[in-house]
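# 3D model of this:
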Amino acid sequence: MKRILSIALAVLMLTVSCASALAAPIQLSSADADNQISFIYSKLSAMKQNEAKKAWNYAVTDLDRNGQLELLAASEHDSTHSTTLMVWEVNKAVDTMVKCVVQVEDDESFPDIMDEAADTFFDDKTDTWHYLFFDNIVLSDQDAYSLKCSVTLKDRTLSYEQYAVMHVRTENGSQIVTYTDMDGNVLTEDAFNAAGTAAFPQQNRSSTNFDWFAYDEVSLTRLADSYAIFIGEKQPVKPAPSGKPAPGAQFLMITKNPTNEYHSAGETAWFVAGANTWDSLAWTFVSPNGSEDSPEDFLSGSGASINGVSGTTLSISNLETWMDGWGVYCTFRYQGQTARTSTAWLSVSDNPSPTPGVMSGTVTDAMMSTVTIQLDNGTTIQPLRDNVVVSGELSVGCRCDVYYQGDQPTTDNVTYVYIYGNNPPSYGSMGGSISDATMNFATIDLDGGGSVTVSQDIVNMVYGSMVLGCRCNVLYYGDSPSSDNVYEVDVYGSDPDPEPPQPPEPPQPVINTASGSIVDTSMNDITVALDQGGTVNVNMSLVQVVYGDITIGSEADVNYYGDYPTSDNVVSVDVYGNSDDDSGDNDNGGWDPDDNVDGDSDWEGSDNG
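Model (predicted):
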């Protein structure tokens, strides 16, 4: 049985905010968004999961950016740490929550989607949004994997693709990290960070925040905040960094907070933190009375052991009951800045955790509150319907998997049941032409033969006006379309050669500035030694002398695109030359860069974004 662990990775952070539109997602008006959020709120009580058995959390999103909001419900099981995920999407008429298909391969688990942020990529060839998450797997206290994956929602199907694997293992007290692709080929850390993302141009990348909340937090305001954070209209609450960045330095930001851990004595707890960049970090333990200890002082006199104190993944092996109620947080430092995570708390019980298990069976009866299942070992159990997840339609004879705690499954120790229903729902689309239309209904002759009559409520006019013979695309549930299973019709109206929507202007690259001094000059080039380290070689055509003459030692500002300056991404260099006259009458006609002319400076410093 796989156990899922929240192992965060300090991977490449993308600096474009999710509020910058990458492609052309459907922009909802405030009224439309409020209408959908109110509808989700009215339906959430009917869809909420059993809090007594699972710690369910919810988020409001628009993963496919089609203007139809989704409600995500996710739960991490206490025994296996595996994630169960359900997704519903609001239909166009805003009168139905349609359950989406969540595709999970056999013997695999869905990526750990309950995170605060995800790097985001838009594939303009397939019109698909990809969200980067990790599937974290612990085989033992000394052996863990993290699979880099992207999650997509398209045609109401949530799926994922795996790109690369990080393997963390402990040998002789030392932590060893290796990286491979999905075929087992060894990768460098940089290649692992770039896996699955290199195919997307820079302007198609961003970062998206997710705001998860428990059912007891549900309110109209809470749902609205969750969606506002997802689309970037509101920022999530995070610990604020302190300190001023060094010139040209990236701003330090926490990307992953450690999470609470619940264990029995003798087990291993894992705490994971992340920041977008850092020079050093330190873990700090907090006692139940609020005093703080270093990892060494925390373990003093204990039989437990700690690994990873110098990295972002901290593990405590052989937990002891006196550790119950202690907390831990991580402090990151980068070029004069300091940022710390929130505190995660540790719960240690002296009762051994029951052994998790799974057994298959067959549904023999289904009632309003319970389901009767005959297990393959011959016994019969009757779990509550609150613990049942059904793919398709529930009926007698359906096969199922029963997850339980203990040596054998009983009615009392079942954690949840996954039932493989008859005729599981599928989705399809088919072209056609409008053959009849009234105020309330439209009839479509299908390209595959036959016709369907649908309500005008589910008709979406892509452009033009509806006339007989205009083309349309019919979206439906099941194997083939009928008047009863069509949920949307996209109609391409009568207007000849409609002008296609114009793509948005790509975001303008941010110009940053790094200071330095001239160390070499020639007729065609200059070389600048940067204060932050390294050098760049720049053609004279990019050099602007602010005042004075270019000599060795002259100060210079290097203006560049990207995260750090190189000889290839410099756009201009401002040189502050040496002057032979300290009075101010320098070679540029006596103009001083600090003087303003008519209220405007003739010299404009670069924009650091």
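# Any figure for the gap between the residue nearest the centre of the chain and residue 206?
Against the mean C-alpha coordinate of the chain, by C-alpha atoms, centre = their mean, the closest residue is residue 118 at 2.2 Å. Using C-beta to C-beta, to the nearest Å, residue 118 is found at 10 Å from residue 206. Bear in mind the C-beta positions are built from the backbone N, C-alpha and C, glycine included.
# any common contacting residues for these two?
Between them, residue 118 and residue 206 share no contacting residue under C-beta atoms under 8 Å, 6 or more residues apart in numbering.
# related to what we said a few turns ago, pretty sure the residue nearest to the centre of the chain is touching residue 132, no?
Yes. Using C-beta atoms under 8 Å, residue 118 is in contact with residue 132, at 5.3 Å.
# Quick check: neighbours shared by those two?
residue 151.
# Tell me where the model's unsure across the stretch 101-250 of the chain.
Within the stretch 101-250 of the chain, the segments meeting pLDDT under 70 span 106-109, 138-141, 173, 175, 198-204, 236-250.
# which residues in it form strands?
101-102, 117-123, 128-140, 143-154, 157-171, 174-181, 186-187, 205-209, 213-214 (DSSP state E, counting those that start in this stretch).
# Let's have the ones you listed in CSV, adding distance to residue 303.
CSV is the format used below for the strands of the stretch 101-250 of the chain (distance: least, C-beta to C-beta, whole Å):
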stretch, distance to residue 303
strand 101-102, 43
strand 117-123, 38
strand 128-140, 19
strand 143-154, 22
strand 157-171, 17
strand 174-181, 20
strand 186-187, 37
strand 205-209, 41
strand 213-214, 36
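# got the contact list for residue 35?
Residue 35 neighbours (C-beta under 8 Å, 6+ apart): residue 94.
# which residues of the stretch 401-550 of the chain score low on pLDDT?
422-427, 495-509.
# Just the buried positions in stretch 546-555, please.
Residues of stretch 546-555 classed as buried by neighbour count (16 or more other C-beta atoms under 10 Å): 546, 547, 548, 550, 554, 555.
# Same question for stretch 389-407.
Neighbour-count burial for stretch 389-407 [16+ other C-beta under 10 Å]: 390, 391, 394, 398, 400, 402, 403, 404, 405.
# who's the fifth one bridged to?
Just to be clear, that refers to residue 400. residue 361, residue 419 (DSSP bridges).
# is it true that it touches residue 417?
Yes. Residue 400 lies in contact with residue 417 (C-beta under 8 Å); the separation is 5.5 Å.
# Spit out the residues that contact the two alike.
residue 373.
# what separates the residue lying closest to residue 197 once chain neighbours are set aside from residue 224, distance-wise?
Among residues not flanking residue 197 along the chain, residue 121 sits closest, at 6.2 Å (C-beta to C-beta, 6 or more residues apart in numbering). According to C-beta to C-beta, residue 121 stands 27 Å off from residue 224.
# Compare neighbour counts for the two and give me the winner.
Ranked by neighbour count (other C-beta atoms under 10 Å), residue 121 and residue 224 place residue 121 first, with 22 against 19.
# Kindly format the C-alpha coordinates of the helix ranked longest in the chain as PDB.
Longest helix of the chain, by residue count under DSSP state H: helix 30-47. These are the backbone C-alpha positions of helix 30-47, laid out as PDB (Å, rounded to 0.1, in the frame of the first residue of the first chain):
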ATOM      1  CA  SER A  30     -18.700  40.000 -11.200                       C
ATOM      2  CA  ALA A  31     -22.400  39.200 -11.500                       C
ATOM      3  CA  ASP A  32     -21.700  35.900 -13.300                       C
ATOM      4  CA  ALA A  33     -19.100  34.800 -10.800                       C
ATOM      5  CA  ASP A  34     -21.300  35.700  -7.900                       C
ATOM      6  CA  ASN A  35     -24.200  33.800  -9.400                       C
ATOM      7  CA  GLN A  36     -22.100  30.600  -9.900                       C
ATOM      8  CA  ILE A  37     -20.600  30.900  -6.400                       C
ATOM      9  CA  SER A  38     -24.100  31.300  -4.800                       C
ATOM     10  CA  PHE A  39     -25.200  28.200  -6.700                       C
ATOM     11  CA  ILE A  40     -22.200  26.200  -5.500                       C
ATOM     12  CA  TYR A  41     -22.900  27.300  -2.000                       C
ATOM     13  CA  SER A  42     -26.500  26.200  -2.300                       C
ATOM     14  CA  LYS A  43     -25.400  22.700  -3.500                       C
ATOM     15  CA  LEU A  44     -22.400  22.200  -1.200                       C
ATOM     16  CA  SER A  45     -24.300  20.900   1.700                       C
ATOM     17  CA  ALA A  46     -25.700  18.100  -0.400                       C
ATOM     18  CA  MET A  47     -22.200  17.200  -1.700                       C
END
